[in-house]
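Participant: Sequence plus the predicted model coming up.
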Amino acid sequence: MAEASASRPASTILLLRDRTKVDGKSRDEIEVFMMVRHHQIEFNSGALVFPGGSVDAGDQEIVKRSDLYSGGEGLSEADRGFRIAAIRETFEESGILLARSKGSGTPVDARRAGEIADAHRVALNEHKVSFLSILADNGLQLALDTLVPYAHWITPEGMPKRFDTWFFLAAAPPDQLGAHDGRESTDSIWVSPREAVEGGESGRFKLPFPTTRNLIRLAKQSSVSAALEHARGMSVVTVLPVMTETETGRQLRIPREAGYDGEVFEVGALG
C-alpha cells in the first residue's frame, strides 16, 4: 500500500469590505477579494480562490524576527508562521499589505502599500528579493492581530497534493483595492459571497469545495464587523474530509460541529 502523502502547511485570507449599494440600491452585504488561478497552475487550476499559499522557509525566518511583526503575543511559532505566510502570499498575489510602520505603529495606507508593491512585488514573486528584507528595509511590521482564524481544512488522504490550511478573516485596509499578479492568477474581483456561490452553481465560477462551504457560511454575515465578531466567538473545528465513491459520484463527509450546515455532501460525478 502506498504511503499517504504528508500535508503541507498553508494559509489563506478572506479579505473583506462592506458593500452598501448594488445597481444603485442599498443592500447590506459584504464583499470578499477573490482571484482566478492560472489554468497552467497544477493545483486548483482555473478556480476562483482566496489569496494564499504554502508556509515557506522565509516565513519561518520572519517568525524568529519579532521586530518584523506585531500582534503576535500569545501565539505559538507555528501560528505566527501561518499568519506571516497568509500576509506574504496576499501581498504577492494581490498587492494588499496588512502591515504597520515600525516607528509609529500606524497601518500602512494605500499609497504607501502601492509604492512598496510597485518597487518589490515582481522581484518577490520571482524570488529575487525576500519578504524579510522588504519588511526590514521599509521599516514595516506585519499586523498579525488583524487576522481572525475562521477555518482549518486538511486535504483528504489519498490525494496527490495535500495541504494543512488555515483560513483567516481580515478587514481589507481602506482603499487598498488589490490586483492579480498575472502569473499565478489571471483575474481578480471583489464579489459578495452570495454572488460567488451562485456563480459556482451556474458554472460561471469553478469553486473548490472548501471555498464554497466557507463562502456559504460567510454569506450569513451582513457586515465586516459582524463577520469578524462572529469569527472571534467561534471554536474552529479542524475539517479533514473523508471521501467515498458511490454509484453516482463522490461524497465528502465532514464534522457536523465544524458549522457548515451538514455532514455529508455530494461533490460531483466521477470522471
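Facilitator: The structure has been received and is ready for your questions.
Participant: other SSEs contacting the worst-scoring helix or strand of the chain on mean pLDDT?
Facilitator: Ranked by mean pLDDT, DSSP states H and E, the helix or strand of the chain with the weakest confidence is strand 185-191, at a mean of 74. Under the contact criterion of 3 or more Cβ pairs under 8 Å, 6 or more residues apart in numbering; DSSP states H and E, strand 185-191 touches strand 25-37. Quick note: C-beta positions are derived from backbone N, CA and C, even for glycine.
Participant: Residues contacting the next helix-or-strand element following the strand it packs on, please?
Facilitator: Counting by DSSP states H and E, the next helix or strand C-terminal to strand 25-37 is strand 48-49. Strand 48-49 is contacted from outside by 12, 34-37, 196, 199-200, 205-208, 211, using Cβ atoms under 8 Å, 6 or more residues apart in numbering.
Participant: Can you name the two of these that sit furthest apart?
Facilitator: By the measure Cβ to Cβ, 12 and 199 form the most distant pair in the contacts of strand 48-49, at 18.7 Å.
Participant: Tell me which of these two has more neighbours.
Facilitator: residue 12 (27 against 18; other Cβ atoms under 10 Å).
Participant: Mind listing what's buried along the helix or strand encompassing that one?
Facilitator: Assigned by DSSP H and E, residue 12 belongs to strand 7-22. Within strand 7-22, the residues scored as buried using 16 or more other Cβ atoms under 10 Å are 7, 9-19.
Participant: pLDDT below threshold where in the stretch 101-250 of the chain?
Facilitator: Where the stretch 101-250 of the chain drops to pLDDT under 70, the residues are 179-186.
Participant: do that again at 90, thanks
Facilitator: Applying pLDDT under 90 to the stretch 101-250 of the chain flags the ranges 103-105, 122, 125, 156-161, 174-189, 203-206, 208, 243-250.
Participant: where do the helices sit along it?
Facilitator: All helices of the stretch 101-250 of the chain, identified by DSSP state H, counting those that start in this stretch, fall at 110-125, 131-137, 193-202, 209-218, 224-232.
Participant: What are the contacting residues of the second one?
Facilitator: The one in question is helix 131-137. Here helix 131-137 has contacts from 58-59, 61-62, 65, 68, 88, 91, 99, 116, 120, 124, 140-142, using Cβ under 8 Å, 6+ apart.
Participant: in that helix, what counts as buried?
Facilitator: 131-132, 134-135.
Participant: Likewise for the last one?
Facilitator: Within helix 224-232, the residues that qualify as buried by neighbour count (16+ other Cβ under 10 Å) are 224, 227-228, 230-231.
Participant: In JSON lines, list the residues you listed along with distance to residue 169.
Facilitator: Shown next, in JSON lines, are these (distance: Cβ to Cβ, whole Å):
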{"residue": "224", "distance to residue 169": "9"}
{"residue": "227", "distance to residue 169": "6"}
{"residue": "228", "distance to residue 169": "6"}
{"residue": "230", "distance to residue 169": "9"}
{"residue": "231", "distance to residue 169": "5"}
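Participant: The closest residue to residue 129 other than its chain neighbours and residue 134, how far apart?
Facilitator: Leaving aside its sequence neighbours, residue 129 sits nearest to residue 123 (Cβ to Cβ, 6 or more residues apart in numbering; 4.3 Å). Distance, residue 123 to residue 134, using Cβ to Cβ, to the nearest Å: 9 Å.
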